[in-house]
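1. Any chance you can model this:
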Amino acid sequence: MAYIGIIADDFTGASDAASFLVKGGLRTKLYNGTASLSDSGAEDAEVQAVVIALKSRTQETSAAVRDSLEAARALLARGVRKIYFKYCSTFDSTPEGNIGPVADALMECTGSPYSILCPALPVNGRVQRGGKLYVNGVPLDESPMKDHPLTPMRDSDLTRLMAPQSRYPSYAVPVEETAAFLEAHAGERFYLVPDYTDAADGEHIAETFADLPLLTGGSGLLEPLARIWAQKLEEAGRIPASAAPGEALLLAGSCSAATLSQIAHWEKAGNPSYKLDPMRVLSGEETPEHVMAFVRGMREQGRASLVYSSDRPEKVRAYQEAGAQKISAALESFTAALAKAAVQEGFTRIISAGGETSGAVTQALGFSSYLIGESVAPGVPVMVPAGRPEIRLILKSGNFGQEDFFTRACRMTYSQEVQDAVWAAHSLFERGKTSGSSANMSFRVGDTVYISASGTCFGTLQPEDFVPIRFDGTPLAGRKPSKEWPLHTALYAKDPSVGAVIHTHSTYSVLWSFLPVPDETDCIPQHTPYLRMKLGKVGEVPYEKPGSEALFAAFRSRVAGSDGFLLKQHGPVVPGKSVMEAFYNIEELEESARVAWELHRAGIR
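-> Numbers count the residues shown, from 1 in each chain. This is a model prediction of the structure:
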């Protein structure tokens, strides 16, 4: 059951918060809206932190309060013990709200005697000192945030920013003076604004205020808080694997300096990119299908494409003369259509830069909840949609991430195993070790097994030909898996270190399987030492009809007694810690069977 519940005022802020909870050691699930809490899976029993993404940052104030209270009540009903109201590290809020009204309502809902205001995120250059918020060393009201189109920040003093929007006073109080202050203000409700300039401050603040029913702030405080809460739970949370088979599509709509620098870095490295023309998008001259043709062309070359509408401020102002809202809506809709088309065509990795862009992408894809993985950059995690373990989403706020962010995101989510699997399949086929659609192979990523689809040929196998399944054989997406999946899952269940399994109908192994052997648990003679050195003992499994339950039962009954297996009149089934190890093992088995067969023909036993 979840211990902590986070209510975030937008989606990228929610994923930002979730990333720091994971870094602090908590298994975390993000829900897109309170209604998505009903989207519960088997993994929910292990979830230790729940994050709900709302759209309350720029909502009408009464709606923001209503939605935030609904989220808080839903979390408390699920047994959550702590509520954290997460807002932006630049305190994006107008004098009318929404941070103050939402924080007030949550403080009353949770019965918290007081709370804190702690938007700082030092790792990204946001610090608070003496009650004031600074961005990269510059007071908030002198930073680019002063001209934000929706929430222009014209003051850097958090106590003054809260005054017109909250019913309760705010005080800038050093943490070491908290005890005396609380004693002097017993029975009052208020907000404390502690100094938070580095990691040591964060640890101190977390230790001081961790037991409050309600905390408010940015994501910076969540990692030290998560470490404290994880210690209370006495169990580290598991996170999903970052890598997944399949192709990547990169999208960018943010015009922040950070995103523009990241686009330039991607292009300078010679990577393919496509820049959208906002006026052509608006007129309908440029269509998603036209852009997808470019993306497909790059995919055929094994290259990931970046499609972006980001541009310099002066260009953006010129485009906005045609109507800022109209242009923004058209670009967001266009980008979302690209993401949806890519996933429908088998792309499994979507990387998006920009809060509005990312929000449009998630809405188009229709995913409602996500397990949170490791981070590409501070506040930017890899996310796995519930029920779609083959998909990886990376969604970042415009100003987040290193200059090489896009390259890092592709590299982190790239699965070497699927590339190795395709190479191994082609190699086996081209050298006559299998034929037609007789063979199958699989590899494991976390709790998901990717197995070649039913009817596929090793000679033409591609990354998209691998079907994700659960250990019980349930397909998680796409096509029908190989009917012999139980052979594979039996080996994964036997040994957690097994990372891949290959099954072929290779000639000499099949020929050898017709001969009687003295020991069914070690059926191939050790004429050379290499099979035993690489794989171990090869057990023989009696003939049963391929794909039948009788075959799977016979295999399971013998799986504990040997390391690799030879199905009589059928072919070898070999595991390995990786695809390449399984490939080397099945090569050695086939070569050992060839040596044994030739020596047998020569009369040598």
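2. Low-confidence ranges, this structure, go.
-> 1, 39-44, 148-150, 234-237, 320-322, 324, 477-478 (pLDDT under 70).
3. Not counting its neighbours along the chain, what's nearest the residue nearest in space to the middle of it?
-> Centroid check for the chain by Cα atoms, centre = their mean gives Met383 as the closest residue, at 2.3 Å. Spatial nearest neighbour of Met383, chain neighbours left out: Tyr370 (4.1 Å); criterion: Cβ to Cβ, 6 or more residues apart in numbering. C-beta here means a position set from N, CA and C on the backbone, and glycine is covered the same way.
4. swap in Phe91?
-> Excluding the flanking residues, the one nearest Phe91 by Cβ to Cβ, 6+ apart is Pro119, at 4.8 Å.
5. How about Thr216?
-> The shortest distance from Thr216 to any non-neighbouring residue, by Cβ to Cβ, 6+ apart, is to Phe85 (4.2 Å).
6. how far away is the one you found from Ile6?
-> Using Cβ to Cβ, to the nearest Å, one obtains 8 Å as the distance from Phe85 to Ile6.
7. how about the helix ranked longest in the chain: buried residues?
-> Ranked by number of residues, the top helix in the chain under DSSP state H is helix 579-601. Within helix 579-601, the residues that count as buried by 16 or more other Cβ atoms under 10 Å are 579-597.
8. same deal with stretch 177-188?
-> For stretch 177-188, burial by neighbour count (16+ other Cβ under 10 Å) applies to Thr178, His185.
9. With stretch 438-455 instead?
-> By 16+ other Cβ under 10 Å, the buried positions in stretch 438-455 come out as 439-446, 448-454.
10. which pair in the residues you listed spans the largest distance?
-> Ala439 and Gly446 (24.6 Å; Cβ to Cβ).
11. Determine how far the last residue of stretch 296-310 lies from the first.
-> Counting by Cα to Cα, to the nearest Å, you get 22 Å between the two ends of stretch 296-310.
12. List the contacts of Ala453.
-> Residues near Ala453 by Cβ atoms under 8 Å, 6 or more residues apart in numbering: Asp465, Phe466, Val467, Gly478, Arg479, Lys480, Pro481, Ser482.
13. The residue nearest to Thr216 and Leu214 touch, don't they?
-> Yes. Under the criterion of Cβ atoms under 8 Å, Phe85 makes contact with Leu214 at 6.9 Å.
14. In terms of neighbours, single out the busier of those two.
-> For Phe85 versus Leu214, neighbours defined as other Cβ atoms under 10 Å are more numerous around Phe85 (26 against 23).
15. give me every residue that touches that one.
-> By Cβ under 8 Å, 6+ apart, the residues touching Phe85 are Ile7, Ser68, Val102, Ala103, Leu106, Leu214, Leu215, Thr216, Gly217.
16. hmm, 6 Å instead?
-> Contact partners of Phe85, counting by Cβ atoms under 6 Å, 6 or more residues apart in numbering, are Ile7, Ala103, Leu106, Thr216.
17. For Thr507, state which of those is nearest.
-> Nearest to Thr507, judged by Cβ to Cβ, of the contacts of Phe85 is Ile7 at 62.8 Å.
18. Near that closest one, how many other residues are there?
-> 30.
19. Could you do Lys577 as well?
-> Lys577: 13 surrounding residues under other Cβ under 10 Å.
20. What sits closest to Phe405 if chain neighbours are left out?
-> Gln262 (4.7 Å).
21. same deal with Ser19?
-> What sits nearest to Ser19 in space, not counting adjacent residues and going by Cβ to Cβ, 6+ apart, is Pro381, at 3.6 Å.
22. Which strand or helix spans the one you found?
-> Element membership for Pro381 (DSSP states H and E) is strand 380-385.
23. Confirm the residue nearest to Thr216 sits in a strand?
-> Yes. Phe85: assigned to a strand according to DSSP: H, G, I helix; E, B strand; the rest coil.
24. So what sits opposite it in the bridge?
-> Following DSSP bridges, Phe85 is listed with bridge partners Ile7, Thr216.
25. how near is it to Leu221?
-> Computed as Cβ to Cβ, the Phe85 to Leu221 distance reads 11 Å.
26. got it, and Arg532?
-> Applying Cβ to Cβ to Arg532 and Leu221 gives a distance of 56 Å.
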